[in-house]
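K.L.:
Model the structure of this input:
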Amino acid sequence: MLKKISKKLEKTFSRSPLFFKIYAKPYQNVVEREIQLTKKHGELKQPLLNIGCGSMPFTAYYLAKKTGLQVHAVDQNPEMTKLARETLQKLDIENKIKTIEKKASEIDYKNYQNVYTALHLSPKKKIYNRFIQTANPKAQFLVREPRKRFKNQYDQIHNSEKPKECVKHNLITFNRSCLYTKK
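P.N.:
Numbering: from 1, shown residues only. The predicted structure is shown next:
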């Protein structure tokens, strides 16, 4: 239900740079904490990868703005990637973010050292397993975890492996991001 509502809102307002900046504002500090967490446990290497970018790729936007690095923003939905591309052009940052239409479970992760995933990404376990199969050693996979009351609405890794470290957030739908690294 929440995923459908946010998807519809993002699709409706993705064409407005003003709404983008208002909607994205709460994510500014979230992405900053996620960048600091990944830097604490490794090196940032471009291109950074954001999977599940949707029509309003605010995580990719802040990754590019805060690091100055190239970002690849991936979504499997052709309409969402088209809208994301149009949004980034209006924000005049399309030269730092490349939008890619692809299923996250089919990505070859060997070209990415740092992977940032969206909360709504699914199926997370399958995508994580693909990451483990194709990523280089020490590559990082960052996952946003839903609050307890929303756990039945968002897919989770259900990983027996413990994360390297998590950072806390104070958003309505998720309250922490956890970092996993390939051994």
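K.L.:
the strands in the chain, which residues?
P.N.:
Ranges of strands within the chain are 48-51, 71-75, 97-101, 114-117, 140-146, 165-168, 174-181, based on DSSP state E.
K.L.:
Please work out which of these is packed deepest.
P.N.:
Comparing the strands of the chain on average neighbours per residue, with mean count of other Cβ atoms under 10 Å, the densest one is strand 48-51 at a mean of 28. (Glycine included, C-beta is placed from N, CA and C.)
K.L.:
List the strands paired with that one, with their directions.
P.N.:
Here strand 48-51 is paired, per DSSP bridges, with strand 71-75 (parallel), strand 114-117 (parallel).
K.L.:
and L37, which of those strands is closest to it?
P.N.:
Comparing the strands paired with strand 48-51 against L37 with Cβ to Cβ, the closest turns out to be strand 114-117 (10.3 Å).
K.L.:
out of the strands paired with strand 48-51, which comes closest to V31?
P.N.:
Short answer: strand 114-117, nearest of the strands paired with strand 48-51 by Cβ to Cβ, at 7.8 Å.
K.L.:
these two touch, right, Q140 and C178?
P.N.:
No: counting by Cβ atoms under 8 Å, Q140 stays clear of C178, with 10.8 Å between them.
K.L.:
how about low-confidence regions in this protein?
P.N.:
1-3, 159 (pLDDT under 70).
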